[in-house]
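Visitor: Sequence plus predicted model, see below.
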Amino acid sequence: MAKGITILGILVLAITIISCNSTKHSQSKKEVKMELSNKEKVVALLNSFNTGDQTPISYINAEKYIQHNLAVGDGLAGFGEVMKNAPEGGFKANVVRAFEDGNYVFTHTEYDFFGPKAGFDVFRFEDGKIVEHWDNLIEVQKPNPSGRTQFDGATDITDKEKTESNKKVVTDFIEKVLLGHEMDKLTTYINPEKYLQHNPAVADGLDGFGEAMKYFAENGLVMEYTKLHKVLGEGNFVLSMSEGKFGKGEHTAFYDLFRLEDGKIVEHWDVIQAIPPQSEWKNTNGKF
């Protein structure tokens, strides 16, 4: 009898231990699943435009949300005001590319936001929460002279070990060529044999770049970079945020996304947006 009880007790104990371990393992899997990366949080937030899911709102710090979209009020209240004024059917967002650089996440997104838009968004995180946001938006346009759109092209992130060196290439390109006008250094940074262009008005290659510059000069237009504000990257992709003048001299924000191979720029997307006069700003944080 005593022996039978002992065996039964051992079996019960074993089943209990297995059950507890299984429960802990299941809970552990749930916890791992819930621990999203900052990049995943941003993608989920943008996708919530499509799904209506309210959960991703919790990824924004309700006590501190600094807004640099000058058409939107500061904080969560400003974000809520935009959502409240959404057209019938709401907004839509298709995240084409997403990248993470330290506490920053930046995305390249196809929007239906008061009409079809191409946009770059930058989010800064503190303690796993979004605390700051910048963006640049432009209307979706027809394919450029080379047949490329504002969204197509490479998406795979490679060469993560080269992130910092690729960021330096882009930084030097903007500072020396676009700011310093050292045009003789152009091929130091851009691959002259392979330069794929997604700007709606510019064709592939350095010839396309040259033709665009010639058109601007002949028509009294400007494309002038005056200050580089931020450079972010992940692997072979680098985003720069710059200030300057465009067209007939409008104060402008330039967001340029570059893809690099072997230390040279081989592909380019951009969003160029005019900066409104300060009297029209809905927050006081500035564009950059």
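Guide: Thanks, I have it.
Visitor: Look at residue 210 and give its secondary structure.
Guide: Here residue 210 is recorded as helix under DSSP: H, G, I helix; E, B strand; the rest coil.
Visitor: That one: neighbouring residues, count only.
Guide: By other C-beta atoms under 10 Å, 14 other residues sit near residue 210. For the C-beta atoms, the positions are set from N, CA and C on the backbone; glycine is no exception.
Visitor: Quick one, grab the pLDDT at it.
Guide: If you check residue 210, the pLDDT there is 88.
Visitor: repeat for residue 183
Guide: The model's pLDDT for residue 183 equals 92.
Visitor: what's the burial count for it?
Guide: By other C-beta under 10 Å, the residues close to residue 183 number 12.
Visitor: Was I right to think it contacts residue 177?
Guide: Yes: proximity of residue 183 to residue 177 meets the contact threshold set by C-beta atoms under 8 Å, at 6.5 Å.
Visitor: tell me which residues in the strand or helix carrying residue 99 are buried?
Guide: Using DSSP states H and E, residue 99 maps to strand 92-101. By 16 or more other C-beta atoms under 10 Å, the buried positions in strand 92-101 come out as 93, 95, 96, 97, 98, 99, 100, 101.
Visitor: Likewise for stretch 47-64?
Guide: Within stretch 47-64, the residues scored as buried using 16+ other C-beta under 10 Å are 48, 49, 56, 59, 60, 61.
Visitor: Please apply the same query to stretch 141-159.
Guide: By neighbour count on 16+ other C-beta under 10 Å, the buried set for stretch 141-159 is 144, 148, 149, 150, 151, 153, 157, 159.
Visitor: is it fair to say the fifth one lies in a helix?
Guide: It stands for residue 151. No: according to three-state DSSP, residue 151 belongs to no helix; its state is coil.
Visitor: Could you check how far it is from residue 255?
Guide: 14 Å (C-beta to C-beta, to the nearest Å).
Visitor: same deal with residue 126?
Guide: For residue 126, the distance to residue 255 equals 23 Å [C-beta to C-beta].
Visitor: And for residue 188?
Guide: Note on residue 188: its distance to residue 255, by C-beta to C-beta, is 23 Å.
Visitor: Look at the two and report which has more neighbours.
Guide: Higher neighbour count among residue 188 and residue 255: residue 255, with 25 against 14, using other C-beta under 10 Å.
Visitor: was I right about that one contacting residue 240?
Guide: Yes: between residue 255 and residue 240 there is a contact at 7.4 Å, judged by C-beta under 8 Å.
Visitor: Spell out which residues sit in contact with residue 76, please.
Guide: With contact set as C-beta atoms under 8 Å, 6 or more residues apart in numbering, residue 76 has these partners: 57, 60, 62, 65.
Visitor: Dump those residues to JSON lines, plus pLDDT.
Guide: Converted to JSON lines, the contacts of residue 76 look like this (pLDDT from 0 to 100):
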{"residue": "57", "pLDDT": "94"}
{"residue": "60", "pLDDT": "97"}
{"residue": "62", "pLDDT": "95"}
{"residue": "65", "pLDDT": "97"}
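Visitor: ok, so of the residues you listed, who is nearest residue 284?
Guide: residue 65 (14.2 Å; C-beta to C-beta).
Visitor: The closest residue to the closest one other than its chain neighbours: neighbouring residues, count only.
Guide: Closest residue to residue 65 apart from its sequence neighbours, by C-beta to C-beta, 6 or more residues apart in numbering: residue 75 at 5.1 Å. Neighbourhood size, residue 75 [other C-beta under 10 Å]: 18.
Visitor: Can you list the buried residues in stretch 67-75?
Guide: Applying a neighbour-count criterion of 16+ other C-beta under 10 Å, one finds 67, 68, 69, 70, 72, 73, 74, 75 buried in stretch 67-75.
Visitor: do stretch 229-244 as well
Guide: Judged by neighbour count (16+ other C-beta under 10 Å), stretch 229-244 contains these buried residues: 231-244.
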